[in-house]
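Asker: All I have is the shape, not the residue letters:
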């Protein structure tokens with residue numbers, strides 16, 4: 001029974017990474033916006049799914065839009081800083097991430113957030129989506145966005161979507177299989193992970209972690225043999241003695257019967273329960289192997305089992321059949337280049353490697369990683385606006401992992417910063433469509449692109465350039481130049497003119513030592529001062545383009561003075577400033 005009907009300009013269903021960003025951006029643009037989420041935390045992968053060690057868009061030039069603003073807020077709020085793990089440059093307590101999103105929502109009087117609700121029915125008039133029904137209320141809106149974790153509105157609205165693999169014959173993707181196989185049948189989509197947060201209890205003895213159903217220690221045997229226990233724990237180390245357990249090698253990825261996620265509510269619930277048990281059993285195994293110093297974290301997530309995320313980390317969902325489909329070729333480097341080709345209707349940027357998860361399977365993918373700043377990163381690529389728009393449905397946009405993308409390319413487009421950028425663009429597009437009284441497919445793309453570039457709160461990158469940080473005075477000029485002249489986009493990913501603004505992270509410590517070049521883009525540093533670290537050997541890495549240039553040119557075995565932050569987990573110095581010895 002529908003007790004109340006709300007009317008809005010923009011309705012966002014799903015409070016994950018993309019949905020939260022979309023709702024905030026639409027409301028900041030001035031649209032009357034309603035955000036309906038299933039869970040009491042906003043942010044999805046970044047918070048309620050527990051993946052508070054995000055991957056991708058780590059370079060300074062790519063820290064823009066709501067993603068860049070989120071990082072800036074984290075730097076101000078997170079005691080101990082963000083450089084704690086070795087899998088990412090950013091790790092934080094998920095509670096702080098959830099606070100940031102809640103604060104951003106609360107400051108917007110035209111954004112109404114309703115939590116604890118899932119969509120039950122989609123209203124449509126012909127090819128036009130007009131509203132969504134929930135348990136005891138409905139919402140009608142001019143533009144409706146699917147920000148659910150698994151693309152649930154696509155199914156409810158009968159909007160064509162994909163689920164599973166495409167063969168090489170579909171789009172000629174080099175890594176796609178030629179024929180369907182036992183792998184494609186067993187894992188139609190990538191395996192989710194039910195993240196669990198563990199805690200170092202130090203001298204105290206942690207409560208014993210009981211086994212869950214289906215415990216089999218052989219599933220986890222050898223999980224960290226190639227790394228060592230300390231390195232394994234430091235993979236997802238968080239501040240405050242916490243560890244994010246999201247480990248792919250004989251760990252807590254879970255894909256048994258993953259197709260159940262879209263079969264029925266009952267089968268989805270069964271899969272989620274099993275994946276949570278699997279993570280509990282992995283945590284039990286860790287405690288058995290490494291001792292009672294380590295246990296389940298206390299009072300992290302806002303439900304009874306406080307160490308377990310509110311929902312699984314879904315790497316893949318239903319995927320829209322849109323006006324454009326992002327394929328593997330669109331995320332790979334162009335010939336003799338360090339960047340992918342750009343879409344004319346680009347609205348967001350990603351750079352992560354193409355990363356697929358199938359438990360117990362090594363799946364070979366066309367490489368897109370590059371060395372930059374002394375460490376591996378990924379080829380930058382763009383996301384087109386047209387992959388957010390259904391082929392034949394109006395009043396509707398997607399803003400999560402449910403964009404129109406191939407199964408293969410999804411391994412790079414699914415990462416948190418990319419999805420946050422997609423959400424910001426979708427929210428901006430929805431608000432402008434309301435202003436212009438037009439459908440998403442009719443929105444002039446330059447209107448959306450300039451709105452993202454000019455946003456007064458969180459201007460967002462559209463064209464990826466390694467040496468163009470957002471604080472440069474000519475940032476907007478070069479963004480628009482390459483939008484207007486895509487044929488001039490440099491294969492190097494560097495602007496032809498090089499100038500650098502002030503550092504985004506000014507606080508740092510001074511270190512002196514000897515610089516060693518082991519090979520191209522691999523640097524070591526032997527510390528001579530301060531005395532606390534004397535004689536230690538560290539890797540040198542940077543997120544800043546001009547520091548990358550200086551490191552590439554610095555003389556081997558020379559004294560050097562560096563300013564930056566030392567990361568014990570990764571044994572690296574994140575360099576923010578460099579002078580000769």
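Answerer: Happy to help now that I have it. As the structure is a prediction and not an experimental result, all values here were calculated from the model.
Asker: next one: phi and psi at residue 282?
Answerer: phi -70, psi -40 (degrees, to the nearest 10).
Asker: What degree of burial does the nearest residue to it once chain neighbours are set aside show, as a neighbour count?
Answerer: Once flanking residues are discounted, residue 282 sits nearest to residue 252: 4.4 Å by Cβ to Cβ, 6 or more residues apart in numbering. The way it works is simple: take the backbone N, C-alpha and C, and place the C-beta from them, glycine included. Residue 252 is flanked by 30 other residues according to other Cβ atoms under 10 Å.
Asker: Would you mind measuring from residue 252 to residue 198?
Answerer: Per Cβ to Cβ, to the nearest Å, residue 252 is found 11 Å from residue 198.
Asker: so what sits against both of the two?
Answerer: Jointly contacting residue 252 and residue 198 under the rule Cβ atoms under 8 Å, 6 or more residues apart in numbering are residue 245.
Asker: Mind giving me the packing neighbours of the helix or strand harbouring residue 274?
Answerer: Assigned by DSSP states H and E, residue 274 belongs to helix 265-290. Packing contacts for helix 265-290, counted by 3 or more Cβ pairs under 8 Å, 6 or more residues apart in numbering; DSSP states H and E, involve strand 196-200, helix 229-234, strand 242-245, strand 294-296.
Asker: Which of those sits closest to residue 279?
Answerer: Nearest to residue 279, of all the helices and strands packed on helix 265-290, is strand 196-200, at 4.6 Å by Cβ to Cβ.
Asker: And the helices in the chain, which stretches?
Answerer: Ranges of helices within the chain are 17-29, 65-77, 94-106, 152-156, 168-171, 182-186, 229-234, 265-290, 410-413, 416-436, 445-454, 475-484, 545-553, based on DSSP state H.
Asker: For the ones you listed, give me TSV that also has mean neighbour count.
Answerer: Shown next, in TSV, are the helices of the chain (neighbours: other Cβ atoms under 10 Å):
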stretch	mean neighbour count
helix 17-29	32
helix 65-77	21
helix 94-106	19
helix 152-156	22
helix 168-171	14
helix 182-186	13
helix 229-234	18
helix 265-290	19
helix 410-413	26
helix 416-436	28
helix 445-454	18
helix 475-484	17
helix 545-553	18
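Asker: Select, out of the ones you listed, the one closest to residue 395.
Answerer: It's helix 416-436; of those, that one is closest to residue 395 (Cβ to Cβ) at 9.0 Å.
Asker: what about that closest one, average pLDDT?
Answerer: Averaged over helix 416-436, pLDDT sits at 98.
Asker: got the angle for the helix holding residue 274 vs strand 196-200?
Answerer: Relative orientation of helix 265-290 and strand 196-200, computed by axes from the mean of the first three to the mean of the last three Cα atoms, to 10 degrees: 20 degrees.
Asker: per-residue confidence averaged over helix 265-290?
Answerer: 98.
Asker: go on, stretch 27-47?
Answerer: 98.
Asker: want to try TSV for the helices and strands packed on helix 265-290, with distance to residue 388 and mean pLDDT as columns?
Answerer: Output for those, formatted as TSV (distance: least, Cβ to Cβ, whole Å; pLDDT from 0 to 100):
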stretch	distance to residue 388	mean pLDDT
strand 196-200	33	98
helix 229-234	37	96
strand 242-245	30	98
strand 294-296	39	98
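Asker: Thanks a lot, catch you later.
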